[in-house]
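> here is a sequence with its predicted model. Questions after.
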Amino acid sequence: MSEEEILYKREIKPTAVRILVLKFLMEFDKAVSLKSLEENLYYCDKSTLFRTLKRFKKQGMVHTIEDGSGMTKYALCLESCECSLNDQHFHFNCTKCKETYCVNSLKIPNLNLPKNFTLTETNLVLKGVCANCK
């Protein structure tokens, strides 16, 4: 499936920048920060990149990760993802290289919250050393 088709499937109008951002995200098996996008797509303006990520998140194409680095990171969602609580998974942050990876095989378990508490989002980050750094 082409980048344009992927964008159309998520009801996102394909523009040159959106296609570039999608291609960039598809190249990696890790989450990336806005700063990383800026450095690699230096010919694109920061606000356009940010708006693109914001649109991707709104349409369920990416999810955000707060890994403790102080920078929000973005990772592509699986094609079947609907960004519901059932789709949420663990993330792994390497303490050596500082990269953050989605661990899609580890789903966040159902939690029995106290009465009248409503869960809307989770952010569970495992920390350790990744396979590349071991």
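Right, received. Where do you want to start?
> can you name the residues bridging to the residue lying closest to residue 124 once chain neighbours are set aside?
Using CB to CB, 6 or more residues apart in numbering and skipping the chain neighbours, the partner closest in space to residue 124 is residue 90 (5.1 Å). C-beta: built from backbone N, CA, C; applies to glycine. In this entry, residue 90 is beta-bridged to residue 103, by DSSP bridges.
> can you pull the contacts of the closest residue to residue 94 other than its chain neighbours?
Spatial nearest neighbour of residue 94, excluding adjacent residues (CB to CB, 6+ apart): residue 130 at 3.9 Å. For residue 130, the residues meeting the contact criterion (CB atoms under 8 Å, 6 or more residues apart in numbering) are 92, 94, 96, 97, 99, 101.
> so residue 104 touches residue 91, yeah?
No - under the criterion of CB atoms under 8 Å, residue 104 makes no contact with residue 91, lying 9.8 Å away.
> who has more neighbours out of these two?
The neighbour comparison of residue 104 against residue 91 (other CB atoms under 10 Å) goes to residue 91, with 24 against 14.
> check the gap between the more buried one and residue 16 for me.
According to CB to CB, to the nearest Å, residue 91 and residue 16 sit 30 Å apart.
> what's the neighbour count on the residue nearest to residue 124?
The number of residues near residue 90, taken as other CB under 10 Å, comes to 17.
> pretty sure it sits against residue 126.
Yes - the criterion here is CB under 8 Å, and residue 90 meets it with residue 126 at 5.7 Å.
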